[in-house]
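# structure, please.
(one chain, ligands or ions: 1)
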Amino acid sequence: MSDRREILNSLMQELDLGGGVCSLVNGALRQGAGAAITLEDPYARSELTSYPDCGVDLAGEACEAADAAQKTWAQLSAAARGDVMQEIARAVTSQAAPLAQLEALVAGKPIRDARVEVAKVAEMFRYYAGWADKIHGEVIPVPSGHLNYTLREPLGVVFQITPWNAPIFTAGWQIAPAICAGNGVVIKPSELTPLTTVALVRIAEGAGLPRGLVNVLCGLGPTTGQAAIQHPAVRKVIFVGSPETGRRVAMTAAEALKPAVLELGGKSANIVFADANLEHACLGAQAAIFSGAGQSCVAGSRLLVQRSVHAELTQMISEGMNSITLGDPLDDATEIGPISNGRQYAHIQSMIANAATGGAAVQTRTDLPKEGYFVPPTLLTGLGNSAEAAQTEIFGPVVTAIPFDDEEDAIAIANDTEFGLAGAVWTRDLGRAHRVSAAVRAGTFWINSYKAIHVSSPFGGSLSSGWGRSSGTDALMEYTSPKAIWLDSGEVPKIAFGYVS
Ligand code: NAD
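I've put the predicted structure just below:
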């Protein structure tokens, strides 16, 4: 096991992260002062290192540093901000290998997935670099004859809170649009996977990002996170995580009259009609729930299958599960790694046990790697949509297959959930594909596809999946606010004792 600690130390050296897990505040690596937090290797199930919670004082310093740096950043020409972001994209690409390894080691993410996610982070900075000088307001033909125009202004400092399932991907997803629009950032990654976010911002600073513009807090939600939400410099909170924590975050933000974006969980319906290409639908269904060991907010965790092909498709999926390679996340051949942490592992195990007690037929694999928090691909059948396994986010490689009779039935089951994040339909009938896409409540919906997402396309959900949007031009709207300017160009201004009309 000491080997893996050595890998960690050498990656931290290569990425210039200092001797331990530190927050990054105003360009300096700083040790926190709070309770000890343990970083565990989910494959070896052993401690990698531990570090103190960032704490309230350092969180405050970070917010003040972001506030000061933002004022200068917003004064730069928009094109110059874009140039810096292009440099960041190049620098991330040049450090892609150690970044991906660090993500794989600490988050338990298969290295092949980690490489893709790091490449996507570079793409996010490149994409928003192009937007930096294209954010502008509009001229509105108001009836009073004023010249009325809008400016889209940065908010100031935004506070971002991210989860452990895709740490560097989520950091890039939120930091890039925020700084593109001229904001300063304080970001708190999950205490379980903080290092790649610190590394990303270190690399960005090396590429020209002004020190203090983006600060990373390595620490706990109830202490460090709550302190930053309440700091007066913070103007908006962007939260990615579970509905339970999202509610708490939104309440603290609301108390301080601050807006929030919430990117929460899901229980997405992946709907397969009898006329679909079942081979494609089977591969799609497996990718939807088993990739990333199901630790994905958009995972297709409810598989709705038309009754006439239900037995055939579930048989195909059950056979397909046996050919997925489980193993060490650092190994190139691994398709599914361990569950990212012990807490999540216990949650998934208890959800599977409850489902079995509730009458589910559980199909799974027993040939697991000896070490690690492994949960094999698991298929549950024999449950209705009201079962716990069909209503509660499991966030693991566990899919509940539910039969349906016709289109109306499929839509009703798909929408019978508190969530509204994503979904998909598999069919050869184009009209039906459009009808189902329109009728299922989801922020993202795929037709004969699954899990295609891109920084240029809006992403988000409704109800218990949250509110607001990330990515695309919608993220730029979230990270700016419009100001309306009214100019009276008449020789004698129109002045009324009341509203000017
Ligand atoms: P979580 O809610 O436990 O934690 C998320 C973040 O919130 C962490 O950084 C944590 O430290 C912080 N936090 C915890 N308590 C806090 C508090 N009281 N105040 C402020 N911050 C606090 O979620 P998780 O277990 O890390 O991640 C899994 C969840 O994230 C799943 O529900 C998943 O669906 C969701 N998720 C959603 C999206 C999306 O875009 N919709 C993407 C990825 C993950």
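# only C-alpha atoms from now on, for both contacts and neighbour counts.
OK.
# so what are the domain limits for this protein?
2-264+465-483, 269-447 (automatic domain parsing).
# same list (these) but as CSV, adding mean pLDDT, mean neighbour count and distance to residue 497.
CSV is the format used below for the domains of the chain (pLDDT from 0 to 100; neighbours: other C-alpha atoms under 10 Å; distance: least, C-alpha to C-alpha, whole Å):
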stretch, mean pLDDT, mean neighbour count, distance to residue 497
domain 2-264+465-483, 97, 21, 15
domain 269-447, 97, 20, 46
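# who wins for proximity to residue 501 among those?
Of all those, domain 2-264+465-483 sits nearest to residue 501, with 5.3 Å by C-alpha to C-alpha.
# chain center to the closest one, what's the gap?
Counting by C-alpha atoms, centre = their mean, to the nearest Å, domain 2-264+465-483 is centred 11 Å from the centre of its parent chain.
# any chance of the domains of the chain in CSV, with distance to the ligand too?
Output for the domains of the chain, formatted as CSV (distance: least, C-alpha to the nearest ligand atom, whole Å):
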stretch, distance to the ligand
domain 2-264+465-483, 3
domain 269-447, 4
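# could those go into JSON lines alongside distance to residue 492?
Shown next, in JSON lines, are the domains of the chain (distance: least, C-alpha to C-alpha, whole Å):
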{"stretch": "domain 2-264+465-483", "distance to residue 492": "12"}
{"stretch": "domain 269-447", "distance to residue 492": "50"}
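# helices of the stretch 401-501 of the chain, residue ranges please.
For the stretch 401-501 of the chain, applying DSSP state H, counting those that start in this stretch gives helices covering 407-415, 430-439, 472-478.
# tell me the helices and strands packed up against the second one.
Contacting helix 430-439 under the criterion 3 or more C-alpha pairs under 8 Å, 6 or more residues apart in numbering; DSSP states H and E are the following elements: helix 407-415, strand 422-426, strand 444-447.
# same question for the first one.
For helix 407-415, the contact count by 3+ C-alpha pairs under 8 Å, 6+ apart identifies strand 269-272, helix 430-439 as packing neighbours.
# ok, and what's touching that helix?
Residues outside helix 407-415 that contact it (C-alpha atoms under 8 Å, 6 or more residues apart in numbering): 268-269, 271, 304, 385, 404, 436, 439-441.
# 6 Å instead?
269, 404, 440 (C-alpha atoms under 6 Å, 6 or more residues apart in numbering).
# next: stretch 164-172.
117, 121, 190, 193, 196-197.
# go again using 7 Å as the cut-off
With contacts defined as C-alpha atoms under 7 Å, 6 or more residues apart in numbering, stretch 164-172 is touched by 107, 117-118, 121, 124, 162, 189-190, 192-193, 196-197, 295-296.
# I'd like those as TSV, with distance to residue 279 and secondary structure appended.
Listed next are the contacts of stretch 164-172 as TSV, based on distance: C-alpha to C-alpha, whole Å; DSSP: H, G, I helix; E, B strand; the rest coil:
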residue	distance to residue 279	secondary structure
107	31	helix
117	27	helix
118	30	helix
121	32	helix
124	33	helix
162	36	coil
189	38	coil
190	38	coil
192	38	coil
193	36	coil
196	37	helix
197	38	helix
295	24	coil
296	23	coil
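# circling back to that earlier point, looking at the helices and strands packed on helix 430-439, which is nearest to residue 287?
Between residue 287 and the helices and strands packed on helix 430-439, the shortest gap by C-alpha to C-alpha is with strand 422-426, which sits at 12.4 Å.
# partners of the closest one in the sheet?
strand 269-272 (parallel), strand 444-447 (parallel) (DSSP bridges).
# about what we covered before: quick one, which of the domains of the chain gets closest to residue 491.
In terms of C-alpha to C-alpha, the element of those nearest to residue 491 is domain 2-264+465-483, at 12.0 Å.
# which residue is nearest the middle of this structure?
In the chain, the centroid-proximal residue (C-alpha atoms, centre = their mean) is residue 170; its distance is 4.4 Å.
# what helix or strand is it on?
Using DSSP states H and E, residue 170 sits within helix 167-180.
# need the next SSE after that helix, C-terminal direction.
Later in the chain than helix 167-180, the nearest helix or strand by DSSP H and E is strand 184-188.
# so which elements touch that next one?
Helices and strands touching strand 184-188, by 3 or more C-alpha pairs under 7 Å, 6 or more residues apart in numbering; DSSP states H and E, are helix 56-75, strand 157-161, strand 214-216.
# which other residues reach it?
Strand 184-188 has contacts (C-alpha under 7 Å, 6+ apart) with 62-63, 66-67, 69-70, 156-162, 213-218, 225.
# orientation of it relative to strand 157-161 in degrees?
Per axes from the mean of the first three to the mean of the last three C-alpha atoms, to 10 degrees, the angle that strand 184-188 makes with strand 157-161 is 20 degrees.
# what's the angle between strand 184-188 and helix 167-180?
Relative orientation of strand 184-188 versus helix 167-180 (the same axes, to 10 degrees): 160 degrees.
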